[in-house]
Structure formats: C-alpha cells, structure tokens
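>>> Give me a model of this one.
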Amino acid sequence: MKILQLSVVVLLTTKVLFGQDTAKPDTTKHVAKLDTINPDKGDIKGQLKVIKDTKIKLHSDSVSPSVIANQPKKSSKVDTIVQNKYGDLLRDDSLYNKKYSIWRPALEVIGDNIALSLVDSRILKLEFSKVNVTTWHRTINAGFPWGAGWEWDQDRFGNNFLSHPIMGNFYFNDARCNGYNFWASAPFAFAGSYMWKIFGENGTPEREDIVNTTVDGILLGEILYRISSNILDDRTHGRERVFREILAGIIDPMRGFNRLIQGKTFRSTNKEVYQKEPLNITVYGGVHKINDHTNAILSGKSSEMLNIQFDYGNPFEMRTRNPFDFFKLRVETNVGVGRKIIDNVTGYGLLVGRNAQAGNIALLEGGFMYYDYWDNTTFELSTIALGGGVFSKLPIGKTTNLYTNGHVGVVPLSGSSTGPVTDTSQFRDYSFGYGWEAKFETFLSVGNIATLGVSYNYYMIHLFNNTGKGEAAIGTLGNNSIGILKPKITLHLYKDMSIGFEYYLYSQVHTEANTPTFTSYQTEQKIFIQFYFEDPQRRGHYN
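Residues are numbered from 1 along each chain as shown. Down below sits the predicted model:
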C-alpha cells in the first residue's frame, strides 16, 4: 500500500514540475493544407519534394517590374492570418509545441548554472567559482546591480562581450524551447544571469555581466531559435531527419536537449509545425589584409578569413510584424592573427514595425535590437543598442534594385578601447561607456551580374569607467568617436558563386579634458570567393 501511495505522489510531482498545459487549443486555423503529407501513400521524400516545388511555384517573389516594389499579390491559397505569403506558419503550431509548466524552464536555468559551476570549479579549477554559504551571504547582501555593492569587472574583452551573450542565449532558450514566446522567454535570461552572479562566483558581483548576458543573450537566443526552426522538419525520416536534428542541436543546444526529453527528436508529423521565414545564407572566404602604419593598399600582413551571414525574413512583405520575423546576423573570423579569431559579430532583430508603400518604393519602419562586437588587432568595440530603422527597396529594372537602410540607436552600455590593443592580455584593456550609434547601408543589386554597395557605422561613446580596481564608478574619461566605412563589390562567376572585394576604413578620435587628442586610422582589404544560397521563394540581395 505504501508503495502505491508513493507512486501516486511521484506521478503528481512529475505532473507539477514537467506537466504541460492541459487545455486543448483550437488549431484548426493553424493547419496549412499545402504542407500536409499522407503517410499511407508512402514515398514521404517524394511528397515533400512536390510540396516544396508547389510552394515555390505558387508563393515566390515576383521579378516583374510591373508589380509595385516587386511584391507579388497574395495567393488565394494563403491564409494571411496564420501564414506568411510563402505559405509558412507565422507561429509555432501550439498543438505540437505546447507550453510547459514554468517549473521546467526554471529548473533548466538552474541546471545550466550548476553544470557551468561544476566545469569551472572541478575541471578548470577557477578560483572565482569556489563558492560556499559564506560567499553566498556576501553576494546576496550586495544589493541591486547599480548599487555600491556591485562593481565593473576587469575581465578581457571577449569574455565580457561574447562569452556572456552565448550563456544568456542558453537561459533564454530554456524557456523558448518549452513553448514560451519571445517576450515571455526574455525574463529567464535575466534570472539566469542574476542567479549566476549571486551563487556562481565568490567575488563582488559585476554589473556589466548582467546587462550583456541578458540583452545580447535575448537577441542571440531568438536568432538561433529561428534558424534551428528553419532546419527542423518533423515530416522527414531517415538520414535526412538525423542530419536535421544534429545540425539544429548544434546551432541551438538547449533546443536539441529539450527535443530529446520532450520526445520531439523522434516524433513524426504529417504537416509543418514550426514557424518559418525565408532564409538566405552567404558564406565567403578568402584573404584578409591588415595594412601597416602607412595604410597603403595591400601593404600589411595577410591572414585567412571565413565568414557567414544569415538574412531571415522579407522586410518588404506587407504583413503584421512580430519580434524577429526579420533579422540579420553576420559572423566574421580572422585566422592566423593570434587569439582574436572572432573578428566581429554584428546583428539586429526587428521588435516592432510596419510596412508601407511610397510610390514605387517598398518600406519597413520599426524598432530594433542591435548587437555589435568588434575584436581585432586594431581596436575593441562592442555595443548594445535599441533604436529605430528604415529599410527601402527601389526597383530600377526587371532584375535591378536599389536597397537602402538607416538606423539610429541609443547605446546603454559599451566597451571601447582608447588606444592600441594587445592579443595577450588576460585583463581589461578597454573602457566602459554609453552613448549612441548610427548606421547607413546602400547598395545596388544588378541581377546575377554584380552588387555594388557601401556601409558606414558611427559610434559616439562617452567613457565612464577605465581599467583598474578601486576606481570611482562614475567619472569623466572623455569620448570615443568611431567610424567604420566599408565599400564592397561582388561579381558573379558561376551559379551561386561570386568573387568580391571589400575595403575597410576604421577611424577613432578620443578626446579628454587635459589630455592630448588621440587619433587612429586603420585600413584593411578583403578579397574573397562568395557563395550565396538564396531561398528559392525569396528574391533579392538586400543585405
């Protein structure tokens, strides 16, 4: 009898901790008939090919200049309430992606921190990770992050502005992969970060880690979740299914883990159950030249680069806008220059927006999140920003379009070097600051022949905390005015392959009271082979 009672208790506890919402949502409107297969007919791979070919035929972007801004009319077979114009779901099907009890993502956040603590303390044997009741008592009493009980840390650049956002992405996706939407998942990034600063480290908690882990973790987490959704397809089987699951798990590890414990890894459906948008991927590799002090073209050292860019969603589709149904993420590497292999990571994601037409010009106006990370042998700069942006598309010919976008954002936190940087320092060689940023990009896409464009980023950062312990948290350390100009041209060679050249000009002016003005210039060149994998339904090289 006791065994029976204990079994009942265990079952009830499991339901509380890991149970799903029991209400059966009405998903009738979420069924996209075009994407449904019939397992009884066999040849699932063949059915999926027919579905894909049909979608491309019925719901692809028009290339006719007679259509305003090259926008096709809505197909009568698309329910625009639940689908985009390409016939894909606007949100995950809630019947197949249920929202689990809040205890599940909460326990996963705790598990992330426990796992990280064990690695740091037992394997890496890092001093800061040796925690106990005494250290917890001190950190709990540190107060709020902006109070005197917290400080600005001395960690090197990559740790603060790249490693922490990656960890924040894990916390965010603990909730996102358990059925929570973008806004509901965001608090978990903050909770995980705050928990780590209080219970995972024995020193004085550092405030910038909270900001970087939370804000950049949210942006990176949603982007990786969306990319993994485009990879997953629960209608597939065999080797294709294995490949999709592994790749999606690599891109979003927390999603791979949750799919396994939720039984989705081996689940088979007869229709598409994930929100998707068209995704264009650009991969390019080649030679990176960092010029010497003369800044003469091709005068400096050579290194190898391998870069990738993701362009998700169509900014010019007339539709209701939701967070991150349009974003861009670009990662550039520089191999052979030392420790600073990740040269820069830049991205943005739409938070709110609306589409409009101005004559023949298609527009997207909205509010965005921005993440900029530059870490090379010339300078260090990272910004978190929130602001507004406008994207436009002007058709000039049948296959020629002029794309332009401009942004202005507020930067609540930044890390910025004020002089020469080193590749060997294990401590902070940059200053914290805040300010604003502006970005402008325009380029001409001439069909499959060439693209010509130029982009310019400007950052005005007021520095308030320099290196060194015991320094006042607030002070006047001057301003960094930074400009990054990048003209670029690509010429089509064969199919998806092009050859390209990009020129790079970095300028910095640091002004500070009673201190000589510091001015720095650096030029670089990149020669590369580019592979542009365009979604067959979405046309346009607008990023």
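>>> Quick check: nearest residue in space to L493, chain neighbours excluded?
Of all residues not flanking L493 in the chain, I499 sits nearest, at 5.7 Å (C-beta to C-beta, 6 or more residues apart in numbering). The C-beta positions use only the backbone N, C-alpha and C, and glycine is treated the same way.
>>> pLDDT wise, what is the one you found at?
Reading off the per-residue confidence, I499 sits at a pLDDT of 97.
>>> Could you double-check that N355 lies in contact with F326?
No - judged on C-beta atoms under 8 Å, N355 makes no contact with F326 at a distance of 10.3 Å.
>>> which residues do these two both contact?
When contacts are counted by C-beta atoms under 8 Å, 6 or more residues apart in numbering, the set common to N355 and F326 consists of P315, L364.
>>> Run me through the strand neighbours of the helix or strand where the residue nearest to L493 lies, direction for each.
Secondary-structure element containing I499, defined by DSSP states H and E: strand 497-512. For strand 497-512, sheet partners with direction are given as strand 479-494 (antiparallel), strand 515-533 (antiparallel), following DSSP bridges.
>>> quick one: which of the ones you listed is nearest H288?
Closest of those to H288 is strand 515-533, at 5.3 Å (criterion: C-beta to C-beta).
>>> and that closest one, C-alpha only, in CSV?
The C-alpha trace of strand 515-533 is given here as CSV (Å, rounded to 0.1, in the frame of the first residue of the first chain):
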residue,chain,number,x,y,z
THR,A,515,44.8,65.1,-22.4
PRO,A,516,46.1,65.3,-25.9
THR,A,517,43.6,64.1,-28.5
PHE,A,518,44.3,60.6,-29.7
THR,A,519,43.6,59.8,-33.4
SER,A,520,43.9,56.4,-35.1
TYR,A,521,43.3,55.2,-38.6
GLN,A,522,43.5,51.7,-40.0
THR,A,523,42.7,50.3,-43.4
GLU,A,524,42.2,46.7,-44.5
GLN,A,525,41.2,44.8,-47.6
LYS,A,526,39.4,41.6,-48.1
ILE,A,527,39.4,39.5,-51.3
PHE,A,528,37.1,36.6,-51.2
ILE,A,529,35.0,33.9,-53.0
GLN,A,530,31.4,34.2,-52.0
PHE,A,531,28.6,31.6,-52.1
TYR,A,532,25.1,33.0,-51.9
PHE,A,533,22.4,30.4,-51.1
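>>> Could you give me the buried positions within it?
In terms of neighbour count (16 or more other C-beta atoms under 10 Å), strand 515-533 has its buried residues at S520, Q522, T523, E524, Q525, K526, F528, Q530, Y532.
>>> Turn these into TSV, including pLDDT and distance to S193.
As requested, these are exported to TSV (pLDDT from 0 to 100; distance: C-beta to C-beta, whole Å):
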residue	pLDDT	distance to S193
S520	90	33
Q522	90	34
T523	92	38
E524	92	34
Q525	94	39
K526	94	35
F528	97	37
Q530	96	37
Y532	93	37
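>>> could you pull out the helices for the chain?
2-18, 44-58, 103-118, 133-140, 157-158, 164-176, 182-199, 207-211, 217-231, 238-251, 253-262 (DSSP state H).
>>> one step back: and N355 and F326? which has more neighbours close in?
Taking neighbours as other C-beta atoms under 10 Å, N355 and F326 compare with F326 leading, 23 against 20.
>>> How confident was the prediction at the residue nearest to that one when sequence neighbours are not counted?
If the residues on either side of it in the chain are set aside, F326 comes closest to G313, at 3.7 Å by C-beta to C-beta, 6+ apart. According to the per-residue confidence, G313 scores 95 in pLDDT.
>>> Same question for G447.
In this model, G447 is scored at 85, pLDDT.
>>> Would you mind measuring from it to T399?
G447 sits 3 Å away from T399, going by C-beta to C-beta, to the nearest Å.
>>> Pretty sure T236 sits against Q47.
No - judged on C-beta under 8 Å, T236 makes no contact with Q47 at a distance of 10.7 Å.
>>> low-scoring pLDDT stretches of the stretch 301-450 of the chain, where are they?
Low-confidence segments of the stretch 301-450 of the chain, defined by pLDDT under 70, are located at 424.
>>> Enumerate every residue touching the residue nearest in space to the middle of the chain.
Centroid-nearest residue in the chain: L220, 3.5 Å away (criterion: C-alpha atoms, centre = their mean). The contact partners of L220, by C-beta under 8 Å, 6+ apart, come to P165, I166, G168, N169, F172, G347, Y371.
>>> count of neighbours near the fifth one?
Under the neighbour criterion other C-beta under 10 Å, F172 is assigned a count of 33.
>>> How about the contacts made by it?
Shown in contact with F172 (C-beta under 8 Å, 6+ apart): S185, A186, F188, A189, G217, I218, L220, G221, E222.
>>> From M369, how far out is the nearest residue to it once chain neighbours are set aside?
Ranked by C-beta to C-beta, 6+ apart and with sequence neighbours excluded, the top spatial neighbour of F172 is G221, at 3.3 Å. Counting by C-beta to C-beta, the gap from G221 to M369 is 11 Å.
>>> More neighbours: the two, which one.
Taking other C-beta under 10 Å, G221 and M369 do not tie; G221 has more neighbours (31 against 22).
>>> can I assume the more buried one is in contact with G168?
Yes - using C-beta under 8 Å, G221 and G168 qualify as a contacting pair, with a distance of 6.8 Å.
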